[in-house]
Each structure stands twice: as structure tokens, then as C-alpha cells.
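*Asks:* How does the following fold in three dimensions:
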Amino acid sequence: MPQVLAQLPDLGLVPWLLVCAGALVVGLSKTALPGGGTIAVGLFALALPAKESTAALLLLLMVGDATALWVYRREPDVRTLVRLIPSVLVGVVLGTIFFATAGGDAVRGTIGVILLALVGVTVWRRRAARSGAARSAGADGDLDGPPSGVGAQLGRTGYGLLGGFTTMVANAGGPVMSMYFYAMRMPVLTFLGTSAWFFAVVNVLKLPFSAGLGLITRDTLVMDAVLVPLVLIGAALGARVARRLPQGVFENAVLVLTVVSALALLVL
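*Replies:* Numbers count the residues shown, from 1 in each chain. This next block holds a predicted model:
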């Protein structure tokens with residue numbers, strides 16, 4: 001242990017407190033509050049250079065994914081996952097290109113604007129549905145319309161592209177996909193299980209791209225090794241909370257965390 005501590009990056013007290021808080025948030029977001037993980041993006045971005053923070057956070061997100069998979073292994077909506085993956089992969093490729101050419105401020109600002117726009121559109125569609133304007137939306141939820149229709153496919157494709165893009169450039173795909181699952185009115189545990197499986201697959205697919213960009217270093221690996229226990233603690237706390245959350249409280253929390261995440265990306 002002393003040898004590991006001797007190899008830790010010399011970040012200073014405040015940056016270490018920020019990444020420790022971010023690691024706890026990662027665990028909580030994976031098992032209780034999807035979309036809240038973007039708060040961790042902001043904390044890591046304050047503590048580390050923008051692009052390095054993305055790689056450091058990715059490895060911790062994968063630890064959180066593994067925990068969430070165990071907790072919600074029987075809960076996912078498999079059909080939704082299969083339909084989303086192709087467009088997400090395209091979004092990851094586009095995000096890699098953007099990430100390699102754009103500056104950190106441009107990355108965060110772009111994602112913040114996208115998230116705020118998605119919140120506005122999603123809330124409007126849900127209110128329209130409640131008033132009876134979207135009663136013919138179909139089984140896929142208010143967002144997509146009939147499962148076999150063109151509107152459904154376009155909706156899934158658009159959210160998949162945005163989810164892949166934002167998760168690649170800033171690990172900020174959680175709020176995007178939370179808006180999609182929210183619009184489908186998934187029960188809490190199905191929401192969490194589908195989200196867990198979705199990001200477990202996507203984050204594994206992202207790893208070679210991040211490695212290819214040279215973002216994973218010895219310092220990153222050592223720091224993440226120290227932070228893993230905090231991710232596990234956060235995940236354990238989140239799993240206890242999630243099973244006690246009423247559906248309405250859960251949905252409101254998703255919306256609020258998405259807005260907070262978007263504003264944090266624009267301000268930080």
C-alpha cells in the first residue's frame with residue numbers, strides 16, 4: 001500500500017477531494033440516479049485537464065457498470081437495448097472524431113446545450129401525452145410513437161446518436177439516455193436495469209477509442225485503483241435507495257439531475 005500511495009499523482013488536496021466525491025457520485029448514479037453521473041463529469045473536469053478527466057472517469061464508470069449489472073441483472077428491456085446499439089456505435093465514432101479535434105470548452109458547451117434541449121422537448125411531449133394529444137403514441141412510449149413506425153425509428157436513432165456522441169466526448173451520455181428511458185415511462189427497476197446494461201456495453205466499446213487517443217496513462221490507472229472502493233460504496237448506497245423510490249419521485253429526480261448536469265457543463 002505505501003508503494004501505491006507513493007505513485008499517486010500529486011494533484012493537491014482540493015482536486016483529490018473533488019475526484020473522491022466524483023467516485024461516490026459514479027456509484028450512486030449507476031444504481032439509483034441515472035443522469036447524475038454527469039455531476040461526476042463536472043467534478044473530475046474541475047480536478048483534472050478536460051481530456052484526461054474523461055479517461056479517468058471512464059474506468060470508474062466501468063466499475064460502476066459491473067456493480068449495477070449484478071444488482072439489476074434480471075431487469076433490462078432487451079428489445080430496447082438491441083434497437084439502440086447500432087445508432088449508438090455511429091455516435092461513438094462521431095464523438096471520437098469530434099473529441100480528437102475540439103477543445104475541452106467546446107465539448108462541454110455542446111453537450112450542455114444538447115441536454116437542455118432534450119429536457120425541454122421531452123417534458124413538452126410528456127405534457128402533450130397527459131393532455132390527450134399523444135394517446136396514439138404506441139407501446140414504445142410517448143417519444144417514439146408506434147414501435148414499427150418511422151417516428152419510432154427516427155426517435156431511437158436520434159437518441160442513440162446523441163447518446164453515443166455525448167458518452168464518448170465527455171462520459172455524459174447518461175442524461176441523454178435517461179431522457180429516452182424517461183419518455184418511455186419505464187418502471188424504476190426496469191429503467192435502472194436497462195441503463196446498466198446499455199452503459200456496460202457502450203463503455204466497453206469506448207475503451208479502445210480512449211486508449212487509441214493516448215488518454216489512459218499510469219497515473220490514471222493508479223488514481224482509479226485508489227478510487228474504486230468509493231465507487232463501490234456509492235453503488236451499495238444507491239441500490240438501497242432505488243428500491244424505495246416512488247415512480248414519480250424517481251422521474252422528477254431524473255429531470256432535475258439532467259438539468260443540473262447540463263448547467264454544470266455550460267458553467268464549468
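*Asks:* Could you list the low-confidence segments of the stretch 101-250 of the chain?
*Replies:* Across the stretch 101-250 of the chain, the ranges flagged by pLDDT under 70 are 103-104, 107-108, 111, 115, 118, 121-122, 125-126, 128-154, 170, 247.
*Asks:* out of everything not next to it in sequence, what's closest to Ala236?
*Replies:* Nearest in space to Ala236, with sequence neighbours left out and distances taken as Cβ to Cβ, 6 or more residues apart in numbering, is Gly27 at 7.4 Å. For the C-beta atoms, the positions are set from N, CA and C on the backbone; glycine is no exception.
*Asks:* burial measure for the one you found, as a count.
*Replies:* Gly27 has 29 neighbours, counted by other Cβ atoms under 10 Å.
*Asks:* now do Val82
*Replies:* Per other Cβ under 10 Å, the neighbour tally for Val82 reads 9.
*Asks:* again, but for Asp105
*Replies:* Counted with other Cβ under 10 Å, residues neighbouring Asp105 total 10.
*Asks:* Please identify the helix or strand for it.
*Replies:* For Asp105, the enclosing helix or strand under DSSP states H and E is helix 104-130.
*Asks:* Repeat that for Leu46.
*Replies:* Secondary structure from DSSP H and E places Leu46 in helix 37-47.
*Asks:* Please identify the buried residues of that helix?
*Replies:* Within helix 37-47, the residues that count as buried by 16 or more other Cβ atoms under 10 Å are Gly37, Thr38, Ile39, Ala40, Val41, Gly42, Leu43, Phe44, Ala45, Ala47.
*Asks:* quick one on the thing from earlier: my read: the residue nearest to Ala236 touches Val228, true?
*Replies:* No. Using Cβ atoms under 8 Å as the test, Gly27 is too far from Val228 to be in contact (9.7 Å).
*Asks:* Could you point out the helix or strand that follows the helix holding Asp105?
*Replies:* Moving toward the C-terminus from helix 104-130, the next helix or strand (DSSP H and E) is helix 150-170.
*Asks:* For the residue nearest to Ala236, give me its contacts.
*Replies:* Residues in contact with Gly27, defined by Cβ atoms under 8 Å, 6 or more residues apart in numbering, are Gly64, Thr67, Leu230, Val231, Leu232, Ile233, Gly234, Ala235, Ala236, Leu237, Gly238.
*Asks:* show me what contacts the closest residue to Tyr159 other than its chain neighbours?
*Replies:* Spatial nearest neighbour of Tyr159, chain neighbours left out: Tyr180 (4.3 Å); criterion: Cβ to Cβ, 6+ apart. Shown in contact with Tyr180 (Cβ under 8 Å, 6+ apart): Leu84, Leu143, Gly155, Arg156, Tyr159, Gly163.
*Asks:* thinking again about what came up before, for Ala106, state which of the buried residues of helix 37-47 is nearest.
*Replies:* Checking these against Ala106 by Cβ to Cβ gives Ala45 as the nearest, at 13.3 Å.
*Asks:* Can you tell me the closest non-neighbouring residue to that closest one?
*Replies:* Closest to Ala45 by Cβ to Cβ, 6+ apart is Ser53, at 5.0 Å.
*Asks:* host element of the one you found?
*Replies:* For Ser53, the element it lies in under DSSP H and E is helix 50-71.
*Asks:* Go ahead and confirm Thr31 touches Leu69.
*Replies:* No. Look at Thr31 against Leu69 with Cβ under 8 Å: they stay out of range, at 10.2 Å.
*Asks:* ok, those two, which is more surrounded?
*Replies:* Each of Thr31 and Leu69 has its neighbours counted (other Cβ under 10 Å); Thr31 has more, 26 against 16.
*Asks:* separation between that one and Gly95?
*Replies:* According to Cβ to Cβ, to the nearest Å, Thr31 and Gly95 sit 25 Å apart.
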